[in-house]
Each structure stands twice: as C-alpha cells, then as structure tokens.
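Student: predicted model follows, preceded by the sequence.
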Amino acid sequence: MSTATVAPHRSGAPAGHDGFAQLVWAEWTKLWTVRGWVIGIVVAGLLTAGIGLLSHSECGSQAGPGAPVVTGGPGCTSSLGPGGEAVTDDFYFVHQPLAGDGSVIARVTSVTGSSSPDGASAQDLHAGVQPWSKAGIIIKASDTSGSAYAAMMVTGSHGVRMQWDFTGDAAGLAGAVSAASPRWLRLTRSGDTITGYDSPDGTAWTRVGTVTLTGLPAVAPAGLFVASPDVAQVTSRSIGGGSGTGGPSQATAVFDHVALTRPVGPGSAGGRSGGAGSAGDGAWTGTAIGGSSGGPSPVLGYRQSGGELVVTGSGDIAPVVDPGAGSVANTQIGTFAGLIAVVIVAAMFITAEYRRGLIRVTLTASPRRSRVLAAKAIVIGGAAFAVGFPAAVAALLIQEPLARSRGIFIDPVSALTEVRVLAGTALLLAAAAVLALALGTLLRRSAFAVTAVIAVIVLPYFFAVPLAVLPGGAADWLLRLTPAAGFAIQQPYPAYPQVTGSYTPGNGYYPLAPWAGFAVLCAWTALALGLAVYLLNRRDA
Amino acid sequence: MSAPGWDLHAPGSDLRAPGSDLAGALAAEWTKARTLASTGGLLLAAVLLTVAVGAAVSAAVSCPAGGCAEDPAKISLTGIYLGQAVVAVLGVLMISSEYSAGMIRVTLAAMPRRTTVLAAKAVVLTGLVLAAGLIAVLASVLAGRLILPGHGIDPAHGYPSLSLGSPPVLRAAAGSVLYLALIALLSLGIATAVRDAAAAIGTVLGLLFLFPIIGAVVGNAHLARLVQQIGPMTAGLAIQATTGLSGLPISPWAGLGVLAGWAAAALLAGGLALRLRDA
C-alpha cells in the first residue's frame, strides 16, 4: 500500500499586494479617513495663507514708540534697477552731457565725511567717513533714480572700486586716498561698453573692469558723484519695541584734473569738451538724484574753485537692504502657524497607532518596518507639501494687491526666486512633518513629539529673531546649526558684501545660503528618521 | 416595621461617594500626578532647561565698553522661554493622558462633580509648577549673578549685582514663577477643551510663540504694540523687565494680568466643555 501524495490546498484568490506602492496607499487611506487629521491639514493650509494678512502695515508709520515718523521709508515705493531689483539711488551728481563715445577722467585727492548716528540733530555730528562712502566718476543713462550706470569710485575704507547697475562690484587699487596718495579714475565709453581704469599717477592706468550697459542713450550724463550711506544700523525689532541706532551721513570729496574727452576723429573738435580748470566753462550741472534729502549740515552741493571741484553728497547707490513690509518673505509669515498645525497631524499619524494598538496590525501586515515608516513619511510629507504650496501661492496672491492698495510696494524678485520662496514654504512644512513623524516614532507620545519639533524649529528662530536677546554672532550660529536653519530657504533678496546695511535675519537675511540652510533641516530630519527606523526595528511595538 | 438595612438615609450610614468633596479630589489628583513617571521627569526637565538656557544666554551676551541696553534680570531669566514649553506639556498631560488612556471615565465616575475634578487638577498642577518654578528661577538668578559680571554686566557699567533684594529684580523673579504657573493653567484649560494632547500642546505653543513672531513683522507700530499687549507670552513676560519700563508695550503687572485672563478664559472654556460633553 502506498500513500498517495495529496496536493496541499491552494486558494484560488490572487495573492495579496505587498508592494511598496500598496503600503503608501494604505498609509494614505489611514490619513485621509481620519476626519480630524484632514481638518488639521486643511487648517494648516488656511493658517499658512491667512496669518500673513495680519502683518500688514502702512507707509509712513512710526518705527517704534518715541521714534521719529519715517516717511518714504522701507516698504514704500522703491526705484527699480536695470535688473528689476529694488534699489536705493540717492547721491549728488555733478554732470555734463557726454555725446557718444568718450572718457571721463578725474583725480580724487581727499574724501572726508561726517554722520549723525542718532539721526537726530545736526549739532551732534561725528566726523569720519563711512566705510562705503563713495566718491568718483559715473556715466549714467539718465538722471532718474534706478537708471543704468557704471562708476569708478574711491570708497571710505574699501579702496578703489568699479561698480555698475547697483549689484556689480570690482575692486581696484587698495588703500585710503589722501593728498599724498591721490587716485586717478577713468571711465571710457565705447558704444554700450564702459571700461573703468584706475591709476596712482595719471600715467600708468590699470583696467578694473569692463561692463556692457543696456539702454544707454547716445548722449548720457557723465561726471562726478558723491554718496554716503546711512550709518550702519543695529536694528532689532525685538519684543518690547524696536531699537536701532542709525542716521544719515555725508561725504565731501575734492576732485581735480577733471576732464570729459572725446576720441579724436573726423568731424570732431577733439580734445577736451569740459574741464574744471577751463575758464568760462560753466557747463557743469549739479543734481541731487533720488530722494537724497541731504545728510547733516552743511548742505549738499558742489563748489568750483581754481582747478578743483568740491562735491558733497549723501545717500547710497545700492540694492535695498531692508525691504521692511515690502518683502516677499513677509507674505509667508503664516508658515509658522501652518507648520505647527502640520506637526500636530504628523506626530499623531504615528502616535495614534501606538495609542490604539493599530501599530501591531500595521507591522503584522507589513513586517518590514522601515518600509512602513518610509511610506508614512512619503504620505505625510507629500500631504504637507501639497497643502503648503497652494497656500503659499495664495498668501502672495492675496496680500500683494492688498499691500499695493495701502501704498506698500513689494520689492520684486526674479521668477526663479519667487518659486523658491513659495516652494520653500511648502518644503518647510513637509520637512517639519517628516521630523514630527520621526520624533513621534521615537517618543511614541504626541505631546512630546509636537513640543520637541516646535522647540527645535520655531524656538531657535524665535530666540534669534523676534526675541533678539542673543548677540548677532550667537544668533547666527543658532540659525546655522539648528533645524531652524531651514527658514533660509525663504530668503528673498541676496546680500551684497559691498553694501552697507543690516543684513540680519530680522530683515530676511540668513547666515546660510537658501538651499544650504534647508539642507541642514533635511539633515536633522534624516538623522531623526534613521534613528526612528533603528528603534522601530529593535523595539517591540 | 421597616426592614433594617434598607434605609439608605439612616443616620450613620455614610454613602457619600468618597472624594466628592474638594479635599478628596485633591488627594486623588495628587496621587495620580505623584505616581506618574512623566510628572517628575517633566518638572526636572523644566528646571534644568530653564537654568541651562538662562546660563547659556548670560554667557553669550557681552557689554562693550561704551555701555549697552541689556536688562540683567531678563537675560538671566531667558530660560523661561524654553521652560514654559515643558510646563505646558505637563499642564496638557494632566488631563489629556486621562483621555488617551480612558482613565477619565473612571475619574468622572468616582467624582461626578466635574468642575471639582478640574479645580483639583488645577490646584495640584499649580502647586507642582510653583515649586519647580521657584527652584528654576532662583537657580537662574543665581547663575546670572555669577556669570553676568564676567561679560561686562557689572557695577563698572552701571549694573548693580543681580540681587533679589532689589524690588524690580524681586518682581521679575516672583513674576516669572507666577508666569510659569499661569502657563500651566492655560495649558490645562486648553487641554480640557481640546482633549487630544497633540492638538492641545500645539495650540498652546502656537498661542505663545505666534504673537511675537507676527508682532515682529507688523510694520504698523500701533498694531505691533497691540499684538504684544494681547499675546499671552509677550504680555506675561513684561514682568521680567527691570529696566526701560517706559518702553514696554504693557506694564509688568498688567501684562501678567493679561496672561491670567487668558488662563482664566481657557479654564472656563475647558470647564464648560467638561460639564457639557460626554467624556
């Protein structure tokens, strides 16, 4: 007798899906079928889009209790430079028309200055030139603010520079200027191309830079200019009222050997068309460009005596540093509120499984635990991004016309930057959600996880920016090392080393580059997620 | 003839539920708080974080020779900003943990007067936080007193040594302890209304930190001031100021009053929700 082999029963039903896609689908189902979580995520979007409405301000408002009323200050209408960025274009310009190609030459023998750091009275003047006070020669498309230009200049303490179109900067001869060591400056126009030279003696010229300006008319004003930026401000808009010191400054420069020359050629008289020393030549015109209201006394202007031209100016030719209420980043202030709402849902997305015991079902159905966490991270991060991005766009779309109706001009950014700032809001929400998920897995209790995420993301920002209790250096380190570094992705305007101004986080400038800052947040999130996977695999559920 | 043993109202038979009075409720809540491992851990964390942050900030400030506008008491008590988050967690868990574990049904069955339960929780919580807050604040002031003179905050710069003998410093220190207790009560009230721990702690921390963050970007000075006057944290921590009082958006005690108003409103909302809702 032989035993017949009996084939084991096989179910006719198809094998269950156990791919990663099914896991993601399962987690997505868990998320959207819990009414409270869907409400939480929708609320996150509404907060992100709506909180910014509270941040509105008016032009000409008071900077703080007891402070002087600022009119035409930050956030109000700005001039736009050739690159489309908001610029400050205030200086004193002594000019003649330069027709076609030609050169401007001048020797600078002295730059002196004074400032009133309190911004108050002319009696309280401090002698001394500002580091980025500028005196030199310039060829400019027109005498309106924001027009294209190229300039060679002597600065307070950064040597000779060539600057153009507000953001361009190249270094020339180093060292301070004095009667014993004067600086010769030369700008040569050839078509739309302008080349800057400097020289210690007027014979051996060194090329500093060559730039091509678009929109330079055939006859462009050219001549001498002086600008002196406001005293570097220590502004902090801290709790209990803002504090800041700063005020206008002015600079006075002495020029000689000033000449506008045209290249010798047929039909041209050749030689000098104007010179400071040439008798009977009254062709110079003095214009205060922009809103240069003048620094402390004495007043702005120029004086011609013998072969010398003495020009006094105030203001700056530079991109705007503090856009104030007119910053694109200000429209995204709702990020903080939206982030808190997202973090609550994300933490509960895992802690609720522990509380209800569902985690055991989840891990039985999908024994590869790291894949469960990965699926959860994708779902919650994706949901946060999907809600955050439209909310960020809505915040901008709602607030921009509202701001304009109150006379506030939102300083423009390039389309790419705008997308980065808006996507940055959504990415911040997504990264915070994944971090909350990881900490929720580690701590297993939602209250701890939510508090921990807020403590590592919102609190360092709070300590560094609104509280402003830390000195600048320590605050910068907080925004480099902690997950709060991620807010750098919302920085709308670049910082320029050649510009005087308070490039502080409060004004929207972070110590790390936008994507580097976000990478720090991602690194922390990855670390927490890795730790969560490790513990999830080791611990009993 | 009456059947002995059936008269429930016979004198001498005390069938009042134990703990229906406040003393019993207090004893019950004290036992719950005392026997939870998280209570001690959170109180310890609140003290340590408060002192550590206060000491770190004290060590980070520097007063240049030209003088500065620092407020020594405020600097040494900076740790309250972080410590309050831990205290808020404690306040939230005081009731939320009962909801998540289902314990609340036992509690309310044993003590049907729901307002009494909430009051007992509030009293026990206040006592615990006042004790921890006192330790944290005293240690912070001591740390500031030891550290600050090394960073230019010394008599040579016009700063007297940090001492509780000076009335403004005493106000800042005592006020900070009260502040922590009020934050705990605010958290308890919100958690009672919201029930879920994550939502409650998120709401509390959002209330605390969003006001100053929004206030910092409001360009309109009047609106910015208003935001700081009504924010529970911005108003409440005005109590820490010892210098430049005229520049504050709200005076110290009035600010603490605003926070007390927030806490009272939260407890009222929580109490009403607790009475009207099913547990």
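Tutor: Great, that's in hand. Treat the numbers as computed from the prediction; the structure is a model and nothing was measured.

Student: how about the residues of the stretch 151-279 of chain B near chain A?
Tutor: Counting by Cβ under 8 Å from any Cβ of the partner chain, the residues of the stretch 151-279 of chain B close to chain A are B:196-202, B:205-206, B:209-210, B:212-223, B:225, B:227-228, B:234, B:237-238, B:241, B:244, B:247-249. To be clear about C-beta, it is placed using only N, CA and C from the backbone, and glycine gets the same treatment.

Student: tell me the spacing between residue A:36 and residue A:45.
Tutor: 15 Å (Cβ to Cβ, to the nearest Å).

Student: also residue A:176?
Tutor: In terms of Cβ to Cβ, residue A:176 sits 56 Å off from residue A:45.

Student: the more surrounded of these two?
Tutor: residue A:45 (25 against 14; other Cβ atoms under 10 Å in any protein chain shown).

Student: surely residue A:83 and residue A:165 touch.
Tutor: Yes. Using Cβ atoms under 8 Å, residue A:83 is in contact with residue A:165, at 6.3 Å.

Student: more crowded one of the two?
Tutor: Applying other Cβ under 10 Å to residue A:83 and residue A:165 shows that residue A:165 carries more neighbours, namely 22 against 14.

Student: was I right to think that one contacts residue A:85?
Tutor: No. Using Cβ under 8 Å, residue A:165 is not in contact with residue A:85, being 9.6 Å away.

Student: now the residues of the stretch 151-279 of chain B next to chain A: which count as buried?
Tutor: Those of those that meet the buried threshold are B:196-202, B:205-206, B:209-210, B:212-221, B:223, B:225, B:227-228, B:234, B:237-238, B:241, B:248-249, by 16 or more other Cβ atoms under 10 Å in any protein chain shown.

Student: what ranges in chain B fall below the confidence cut-off?
Tutor: Residues of chain B meeting the criterion pLDDT under 70: B:1-20, B:64-68, B:219.

Student: SS state for the nearest residue to residue A:403 once chain neighbours are set aside?
Tutor: Distance criterion Cβ to Cβ, 6 or more residues apart in numbering or on different chains; nearest residue to residue A:403, sequence neighbours excluded, is residue A:410 at 5.7 Å. Using DSSP: H, G, I helix; E, B strand; the rest coil, the secondary structure recorded for residue A:410 is coil.

Student: distance of residue A:410 from residue A:505?
Tutor: 20 Å.

Student: element containing the one residue in the stretch 51-200 of chain B that gets nearest to chain A?
Tutor: Evaluated by Cβ to the nearest Cβ, the stretch 51-200 of chain B has residue B:198 as its residue closest to chain A, separated by 3.4 Å. With secondary structure defined by DSSP states H and E, residue B:198 is part of helix B:197-217.

Student: do the same with residue A:181
Tutor: Using DSSP H and E, no element contains residue A:181; it sits outside every helix and strand.

Student: doesn't residue A:200 make contact with it?
Tutor: Yes. Using Cβ under 8 Å, residue A:181 is in contact with residue A:200, at 6.8 Å.

Student: just give me the neighbour total for residue A:331.
Tutor: Residue A:331: 30 neighbours (other Cβ under 10 Å).
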